[in-house]
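Chemist: Fold the following, please.
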Amino acid sequence: MRKKSTNTDTEFVEIKAVSKYTEMDSRFINHIKGKSVYYYNIGQEMLNQSTVDGQTPTLLLFNKGMYHAGEYQPPHSHKYLEIFYFLEGYGEIQFGGKSIEIKPHTVVILNSDVIHSPHASNDKPVEFYSLLLDNINISFMPPNTLSDNPYEYKVFGDSNNPIYNLMLKMTNELTDNREGCYIALKGLVYQLFSEIVRLPDKISPIKHRYNEIALKIKTYIDNNYTKSFDVEFLAELVFVNKFYLIHTFKRTYNVSPMQYLTAVRMQKAQTLLRSSNMPITEISQQCGYDNPVYFAEQFKKTVGTTPSIYRKISSMN
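Modeler: Next up, the predicted model:
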C-alpha cells in the first residue's frame, strides 16, 4: 500500500510482503524506477511478433562443396529453402530461360520448388557453402518460401559481411565439436535466417505474386507425373485457356508446365537409376514414358548422358 507523507517532496512505500523475496523485489523495482529503459519484458514477443519473427528454421543440411571446372548440374528443385554462398570461381545458375552470374561472395536464396541448374565456368572450380532450411511458414506463402520471387541474390565486395562470418562460425562449431555445439549451431542458424531476411538491396530479377492456379497445377503434376496428359488437359483442370496457364505457371516457376513435368520425371528416373537394379525399360514406365527410346532421348537431353551410363557413373561413386 502506497502512502504519501505530509512533506510533498517525499513519499514512502509500505510493503505488506508475504515473504522476504516479495519485499526484496518490490524494493528493487522502486529503486530502479525512473532510471532504466525497458527494452523487453516477457510477453512482448506475442504482442508484437511478425510472421518472420514467428519462424523456427530447422537446418537440414550444411556443407562446403565444389563444382569442377565446366561441371553442369541437371535442372532440379528442393522442398526446402536453399541458401548458397559462393566463395571462389565463376559460372551461372540457370532458371529456365534466365540465369544469374556466380562469382565470389555472392549469396543466392532459392525458394522451395524453384527449378535451377548451376554451371561452373571452364576456367576454374566453383567453391561454395550450401544450406537447406525447413520449417519456414510465412503467412500467405507456400512452405519454405521467403518472398514472392522464386530467387533473390546479393553480391558482396569481399568476405567482410555478416553472412560469411556466420557460416564461418557454423563451420568452426561443427569442426571443433565442443560441448554445446548443437545449441550454438541452432542459435547461429536463427541469426543467419534473420540476416538473410534483412539483406539490403537484394536483387529480385523476377517480380510476381504467388498464384493459386500455378500451385494447383504444380501439385497435380507432382502427384500424377506417371500419367499421360498435355497442357490443354491441365488448363481444363483449372478452367483457364492453355496460353494463360503457360504464362501464369512460367511467371511463378520460371518453366512451362510441361517442362516442369519433364524435370519431375527426370528426377525420379535419376533416383531409381541410383538406388535400384530395375531395368531401364521398367524405369521408363515408372516415370510416365511408354516408349523407352523416347525416355532415353529425353534423359540424355536433360541430364547430359544416357540412363545406362548415368547408372554406371552413379555406381562408381
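
Chemist: Please count neighbours and contacts with C-alpha atoms only from this point.
Modeler: OK.

Chemist: so who does S315 touch?
Modeler: By CA atoms under 8 Å, 6 or more residues apart in numbering, the contact list for S315 reads R274.

Chemist: wait, F299 sits on S308?
Modeler: No. Applying CA atoms under 8 Å, one finds F299 not in contact with S308, separated by 10.3 Å.

Chemist: Which neighbouring elements make contact with the strand or helix carrying N63?
Modeler: N63 is part of strand 58-67, with elements assigned from DSSP states H and E. Applying 3 or more CA pairs under 8 Å, 6 or more residues apart in numbering; DSSP states H and E, one finds that strand 58-67 contacts strand 126-134, helix 181-198.

Chemist: where's the following helix or strand past the shortest one relative to the chain centroid, distance-wise?
Modeler: Once the chain leaves strand 126-134, the next helix or strand it forms, by DSSP H and E, is strand 151-155. Centroid separation between strand 151-155 and its chain, computed with CA atoms, centre = their mean, to the nearest Å, is 12 Å.

Chemist: Could you do stretch 127-143 as well?
Modeler: Chain-centre distance of stretch 127-143: 3 Å, with CA atoms, centre = their mean.

Chemist: Check which residues of it are buried.
Modeler: Across stretch 127-143, burial judged by 16 or more other CA atoms under 10 Å covers 127-138, 142-143.

Chemist: Could you look up the SS state of the closest residue to V107 other than its chain neighbours?
Modeler: Nearest non-adjacent residue to V107, counting by CA to CA, 6 or more residues apart in numbering: Y85, 4.6 Å away. Counting by DSSP: H, G, I helix; E, B strand; the rest coil, the backbone at Y85 sits in strand.

Chemist: any idea of the angle the host helix or strand of T171 forms with helix 181-198?
Modeler: Secondary structure assignment for T171, by DSSP H and E: helix 162-176. With axes from the mean of the first three to the mean of the last three CA atoms, to 10 degrees defining the directions, helix 162-176 sits at 170 degrees from helix 181-198.

Chemist: Mind listing what's buried along helix 162-176?
Modeler: Within helix 162-176, the residues scored as buried using 16+ other CA under 10 Å are 163-164, 166-167, 170-171, 173.

Chemist: Check the offset of it from the chain's centre.
Modeler: In terms of CA atoms, centre = their mean, the centre of helix 162-176 is found 18 Å from the chain centre.

Chemist: Please save the CA atoms from it in PDB.
Modeler: Extracted C-alpha coordinates of helix 162-176, given in PDB (Å, rounded to 0.1, in the frame of the first residue of the first chain):
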ATOM      1  CA  PRO A 162      27.500 -11.000 -41.800                       C
ATOM      2  CA  ILE A 163      26.500 -14.000 -43.900                       C
ATOM      3  CA  TYR A 164      30.100 -15.200 -44.500                       C
ATOM      4  CA  ASN A 165      31.000 -14.600 -40.800                       C
ATOM      5  CA  LEU A 166      28.000 -16.600 -39.600                       C
ATOM      6  CA  MET A 167      28.800 -19.500 -42.000                       C
ATOM      7  CA  LEU A 168      32.400 -19.500 -40.800                       C
ATOM      8  CA  LYS A 169      31.200 -19.700 -37.200                       C
ATOM      9  CA  MET A 170      28.900 -22.600 -38.100                       C
ATOM     10  CA  THR A 171      31.900 -24.300 -39.700                       C
ATOM     11  CA  ASN A 172      34.100 -23.800 -36.600                       C
ATOM     12  CA  GLU A 173      31.400 -25.100 -34.300                       C
ATOM     13  CA  LEU A 174      30.900 -28.300 -36.300                       C
ATOM     14  CA  THR A 175      34.700 -28.800 -36.800                       C
ATOM     15  CA  ASP A 176      35.600 -28.200 -33.100                       C
END
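
Chemist: Go ahead and name everything in contact with that helix.
Modeler: Around helix 162-176, the neighbours that count as contacts under CA under 8 Å, 6+ apart are 85, 105, 129, 159, 181, 184-185, 188, 191-192, 195-196.

Chemist: helix or strand for the nearest residue to D230 once chain neighbours are set aside, which one?
Modeler: Spatial nearest neighbour of D230, excluding adjacent residues (CA to CA, 6+ apart): M258 at 7.4 Å. Per DSSP H and E: M258 is located in helix 257-275.

Chemist: Give the buried residues for that helix.
Modeler: For helix 257-275, by 16+ other CA under 10 Å, it's 257, 260-270, 272-274.

Chemist: pLDDT score for the spatially most central residue of the chain?
Modeler: The centre of the chain sits closest to L81, judged by CA atoms, centre = their mean, with a distance of 1.1 Å. On pLDDT, L81 comes in at 94.

Chemist: residue contacts, it?
Modeler: Neighbours of L81 in contact, by CA under 8 Å, 6+ apart: 109-112, 132-134, 144-145.

Chemist: Also S256?
Modeler: By CA under 8 Å, 6+ apart, the residues touching S256 are 246-247, 249-250.

Chemist: one more time with 6 Å
Modeler: Neighbour list for S256: 246, 250 [criterion: CA atoms under 6 Å, 6 or more residues apart in numbering].
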